[in-house]
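Asker: Okay, predicted coordinates and the sequence, questions at the end:
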Amino acid sequence: MKPLLKSTFNFLGSLPAKTGAGTTAIIVLCAFMTKPVVAQVPSFTDVDADVYAQEIQEAVQKGLIAGFTSNNTFRPTLDLTREQMISMVINALSKLPVSSATVPHDPPPAAGNLLKVTSKPFRDVNATRWSAAMIEWAKFNGIMQGYSDGTFRPSQTVTRAELMAVLRKAIQYADEGGGISALINKQQAIVFSDISNHWAKKPITEMSVYCGVATPVNETGNAFSPNLGTRRNYAAAATLRLLNCLRK
């Protein structure tokens with residue numbers, strides 16, 4: 001809602017002050033009336049002490065993820081599911097200047113604007129499922145695939161390694177679509193103590209140099225814990241870092 005507030009003040013500020021106090025009174029009244037419009041990002045009751053508190057608020061403000069309106073919580077330590085991760089990644093990609101004329105696949109609409117699918121993208125994902133269109137989009141664009149048994153397992157917890165692998169795929173998609181220049185090292189790689197023999201060592205290392213998307217658990221120590229479930233707080237922070245890095 002920020003653009004709305006900004007344009008309102010710009011317009012009022014350009015009015016000629018022909019009637020002195022009368023004009024001032026109108027400006028003050030309009031500014032007061034716009035204040036409720038700004039308060040769109042809730043102040044969650046359970047994130048103040050979280051290490052990712054600021055990034056959570058920014059991720060929500062940018063529409064990457066939402067909280068729980070029933071009790072105004074974010075539930076930062078709740079594990080993220082595979083379908084929830086796809087929703088976040090698509091929301092992030094939709095904010096990039098990717099041209100439909102150059103992107104090799106479908107341009108990325110926001111997660112909530114995808115058309116419904118008419119058939120199952122996977123045998124365990126019905127066409128009526130809330131995430132079906134997003135899963136189909138991610139599958140078609142090579143960002144996230146299913147398992148060898150033909151399932152997607154949408155409600156399964158995403159590991160931290162899987163999150164990095166999918167975010168790496170998102171960078172590749174954006175690069176092919178002309179939305180970014182290329183994946184380049186933004187900082188020195190973090191030497192994690194527990195990924196030397198892990199299948200995701202390469203994407204985790206790459207994402208650590210790419211604006212610090214990959215970082216130690218709770219931002220302390222030197223362990224990445226690749227097989228640990230991804231919590232909502234870190235998922236929000238990592239996806240936000242990716243978006244901000246892609247837009248630089």
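Answerer: The structure has been received and is ready for your questions.
Asker: helix or strand right after the helix or strand in which Leu167 is found?
Answerer: Using DSSP states H and E, Leu167 sits in helix 160-176. Proceeding N to C from helix 160-176, the next assigned helix or strand is helix 201-209, under DSSP H and E.
Asker: can you list the domains in this structure?
Answerer: 2-38, 53-246 (automatic domain parsing).
Asker: Any idea how far apart the tips of stretch 188-202 sit?
Answerer: 14 Å (C-alpha to C-alpha, to the nearest Å).
Asker: what does stretch 75-94 give?
Answerer: First-to-last residue span, stretch 75-94, C-alpha to C-alpha: 25 Å.
Asker: now stretch 62-74
Answerer: End-to-end distance for stretch 62-74: 15 Å, by C-alpha to C-alpha.
Asker: Report the buried residues of that stretch.
Answerer: Residues of stretch 62-74 classed as buried: Lys62, Leu64, Ile65, Gly67, Phe74 (neighbour count, 16 or more other C-beta atoms under 10 Å). Glycine gets a C-beta too; all of them are placed from N, C-alpha and C.
Asker: Need the pLDDT of the closest residue to the fourth one other than its chain neighbours.
Answerer: What sits nearest to Gly67 in space, not counting adjacent residues and going by C-beta to C-beta, 6 or more residues apart in numbering, is Phe74, at 4.4 Å. Looking at Phe74, its pLDDT reads 97.
Asker: The residue nearest in space to the middle of the chain and Ser155: what is the separation?
Answerer: Centroid-nearest residue in the chain, with C-alpha atoms, centre = their mean: Leu64, separated by 3.7 Å. Distance, Leu64 to Ser155, by C-beta to C-beta, to the nearest Å: 20 Å.
Asker: my read: the residue nearest to Gly67 touches Ala53, true?
Answerer: No. Between Phe74 and Ala53 there is no contact under C-beta atoms under 8 Å: 9.2 Å.
Asker: Find the residues that touch each one of these two.
Answerer: Taking C-beta atoms under 8 Å, 6 or more residues apart in numbering as the contact rule, Phe74 and Ala53 both touch Val47.
Asker: other SSEs contacting the helix holding Leu167?
Answerer: Applying 3 or more C-beta pairs under 8 Å, 6 or more residues apart in numbering; DSSP states H and E, one finds that helix 160-176 contacts helix 82-93, helix 201-209, helix 232-246.
Asker: Now do the last one against helix 82-93, angle only.
Answerer: Here helix 232-246 points in a direction 30 degrees away from that of helix 82-93 (axes from the mean of the first three to the mean of the last three C-alpha atoms, to 10 degrees).
Asker: and the residue nearest to Asn244 when sequence neighbours are not counted, how many residues sit next to it?
Answerer: In space, and not counting its chain neighbours, Asn244 is closest to Cys211: 6.7 Å by C-beta to C-beta, 6+ apart. Per other C-beta atoms under 10 Å, the neighbour tally for Cys211 reads 19.
Asker: Could you give the separation of stretch 43-57 from the chain centroid?
Answerer: Relative to the centre of its chain, stretch 43-57 is centred 16 Å away, using C-alpha atoms, centre = their mean, to the nearest Å.
Asker: pretty sure Asn72 contacts Phe44?
Answerer: Yes. Counting by C-beta under 8 Å, Phe44 is a contact partner of Asn72 at 6.2 Å.
Asker: before we move on, the earlier item: could you identify which of the domains of the chain has the lowest mean pLDDT?
Answerer: Looking at those, the bottom one is domain 2-38 with a mean of 35.
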